[in-house]
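Colleague: no sequence for this one, just the structure:
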């Protein structure tokens, strides 16, 4: 099976994430796409609890059908920081018959040489580069520049995030009182 790995903080997952996932599922030669919320941000970025981000990712993925799933691999791996190479190694070890591809935004592609184990990562997986905002890079289309940072700020300020966050995710945020601080 060919699996596209779509990693991120997903704090919270938003419609931009869903559009990227749908784009990959519909245009790349993959059988499934797995959302992979990071366990601990490598640059100490404060995140909502992993369990909440995992559940919100599940809600966002559910709208995309059975070919979109969520993996808790980074929680199972644990460790100090989430590192993409370690995640890929973990997935390859637990799913030896599968081929993994890595979804990254065109905005992150220039930073790839600075990532932990970048050379090994590039040898281990095919990159699926997706445009974000006005720059599509190698991607055929640019996805909307929806930002989790902006969404969190709007929620903290009591402003509307209608149209930016899937309804099921927004219901979960409200139910759990997330991003109110």
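Modeller: Noted; the coordinates are in hand. Just so we're clear, the structure is a prediction, and the values are computed from it rather than from any experiment.

Colleague: gap between residue 145 and residue 132?
Modeller: Noted for residue 145: a distance of 6 Å to residue 132, by CB to CB, to the nearest Å. (Each C-beta comes from the backbone N, C-alpha and C, glycine too.)

Colleague: which one's more surrounded, these two?
Modeller: Neighbours per residue (other CB atoms under 10 Å) separate residue 145 from residue 132, with residue 132 holding more: 22 against 14.

Colleague: who is the more buried one paired with across the strands?
Modeller: In this structure, residue 132 bridges to residue 135, residue 143 when assessed by DSSP bridges.

Colleague: what do you get for residue 70?
Modeller: Here residue 70 shows beta-bridge partners residue 35, assigned using DSSP bridges.

Colleague: from residue 158, how far off is it?
Modeller: Remark: distance between residue 70 and residue 158 (CB to CB) = 29 Å.

Colleague: so these two - more neighbours on which side?
Modeller: Neighbours around residue 70 and residue 158, counted as other CB under 10 Å, are more numerous at residue 70. The numbers are 23 against 7.

Colleague: isn't the more buried one right up against residue 37?
Modeller: Yes - contact criterion CB atoms under 8 Å: residue 70 and residue 37 qualify, at 7.3 Å.

Colleague: quick check: what element follows the helix or strand of the chain with the lowest mean pLDDT along the chain?
Modeller: With mean pLDDT, DSSP states H and E as the measure, the helix or strand of the chain carrying the lowest mean pLDDT is strand 142-143 (a mean of 77). Scanning forward in sequence from strand 142-143 by DSSP states H and E, the next helix or strand is helix 148-156.

Colleague: let me know the average pLDDT across that following helix.
Modeller: For helix 148-156, the mean pLDDT works out to 95.

Colleague: what about the closest residue to residue 94 other than its chain neighbours, neighbour count?
Modeller: Spatial nearest neighbour of residue 94, chain neighbours left out: residue 73 (7.4 Å); criterion: CB to CB, 6 or more residues apart in numbering. When neighbours are counted by other CB under 10 Å, residue 73 registers 21.

Colleague: nice, that's everything, thank you.
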